[in-house]
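> Sequence and predicted structure, then a few things I'm wondering about:
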Amino acid sequence: MCTVVIRVPDSADEPTRVLAIRDEDPGRPWNPLGRWWPEPHNGVVGVRDVRAGGAWLAADPAAGRLAVLLNRADDSTRPESELVSRGGLVLDAVAGRSPSGEPSTHGFNLVEVEGARARVRTWDGVALRTVELGPGTHMIAHDDVDDAGTPRIARWLDEFRATEPADGERWWMPWLEVLERSAALPPTDDGAIIRDNRPYGYPTLSLLACVASVTAHDVDVHYGELREPGAWGGLELT
């Protein structure tokens, strides 16, 4: 039940800005932002899932591509033995290979950014859809893009839209201020972004966040972990 905030620019000369918050089982190990993959993914940086070897978020700076994976419920009737990890989708996406046909995974929302262009590939186990993101600020969680039926989007999207990224290297600070205000809600509140999903039957809590600035020729990514899963204690992005 991760959350992504993305601002698509009006001009191809401006960067796409991304804030991604990861919810995961704290007992599932991961590698922080780094270069974890050999050929053919040499040069890719990302947050690696140790168990399956794929990525939650990854970027190919030389190609100006970034991708983030959010889980989504699905209606698939395939047995688990026929399904593969969703993390490989992220590595494929930053290599320029988007999912097609009927992916052999559980449901997902896959955010793909290439320079000033952004889209979300959505798979619900029945149909694969593509949503092109127009200029402006959008939020994605476990349902549709800008879905007013998702309480955290209904509560916080307008605030993110009204908050301009700062000038300079630490452009993300105004968005982190919105994130800090959101953390005044209990992490079990439907409208919370920093989350504890265990009361809803999922073993996941908010663990970390990344911010990224994407242009046609570069991706600048920063990473930080929450001091305590599911609780706001500040976030230092390096």
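Sure thing, it's come through.

> Which parts of this structure are helices?
If DSSP state H is used as the criterion, the helices of the chain fall at 87-94, 151-162, 173-182.

> Next one: residue 172, what pLDDT does it get?
The model reports residue 172 with a pLDDT of 98.

> Roughly how far does it sit from residue 165?
Distance of residue 172 to residue 165, given as CB to CB, to the nearest Å: 7 Å. For every residue, glycine as well, the C-beta is placed using N, CA and C.

> which neighbours do these two share?
By CB atoms under 8 Å, 6 or more residues apart in numbering, residue 172 and residue 165 have these common neighbours: residue 17.

> Between those two, tell me which one has more neighbours.
Ranked by neighbour count (other CB atoms under 10 Å), residue 172 and residue 165 place residue 172 first, with 23 against 18.

> what's near enough to touch that one?
17, 19, 165-166, 211, 222, 237.

> and if we set it to 10 Å?
With contact set as CB atoms under 10 Å, 6 or more residues apart in numbering, residue 172 has these partners: 5, 17-19, 165-166, 179, 209-213, 222, 235, 237.

> So which of those residues is the closest to residue 103?
Minimum distance to residue 103 across those is 22.5 Å, recorded for residue 18 (CB to CB).

> So what sits opposite that closest one in the bridge?
Going by DSSP bridges, residue 18 is paired in beta bridges with residue 6, residue 212.

> Can you get me a residue count around it?
Under the criterion other CB under 10 Å, the count of neighbours that residue 18 has is 26.

> got the contact list for it?
The neighbours of residue 18, taking CB under 10 Å, 6+ apart as the test, are 4-8, 57, 59, 66, 68, 111, 113, 118, 172, 175, 210-214, 219, 221.

> Now do it against residue 67, distance only.
When CB to CB is applied, the distance between residue 18 and residue 67 equals 10 Å.

> Could you do residue 199 as well?
30 Å.

> quick one: which of the helices of the chain is nearest residue 140?
The minimum distance between residue 140 and these falls on helix 151-162, with 8.2 Å, by CB to CB.

> Residue 151 is in contact with residue 142, correct?
No - the criterion here is CB atoms under 10 Å, and residue 142 misses it with residue 151 at 11.4 Å.

> When these two are compared, which one has more neighbours?
Taking neighbours as other CB under 10 Å, residue 142 and residue 151 compare with residue 142 leading, 20 against 15.

> What pLDDT does the model give that one?
We note a pLDDT of 96 for residue 142 in this prediction.

> Now do the same contact list for it.
Per CB under 10 Å, 6+ apart, neighbours of residue 142: 1-3, 23, 70-73, 107-109, 150, 152, 197, 202.

> Swap in 8 Å and give it another go.
When contacts are counted by CB under 8 Å, 6+ apart, residue 142 is found next to 1-2, 70-73, 109, 150.

> repeat for residue 136
In this structure, residue 136 makes contact with 7-8, 161, judged by CB under 8 Å, 6+ apart.

> try 10 Å this time
For residue 136, the contact set (CB under 10 Å, 6+ apart) comprises 6-10, 146, 161.

> Between those residues, which sits nearest residue 46?
Checking the contacts of residue 136 against residue 46 with CB to CB, the nearest one is residue 6 at 17.0 Å.

> shouldn't that closest one be in contact with residue 117?
No - using CB under 10 Å, residue 6 and residue 117 do not qualify as a contacting pair, with a distance of 11.4 Å.
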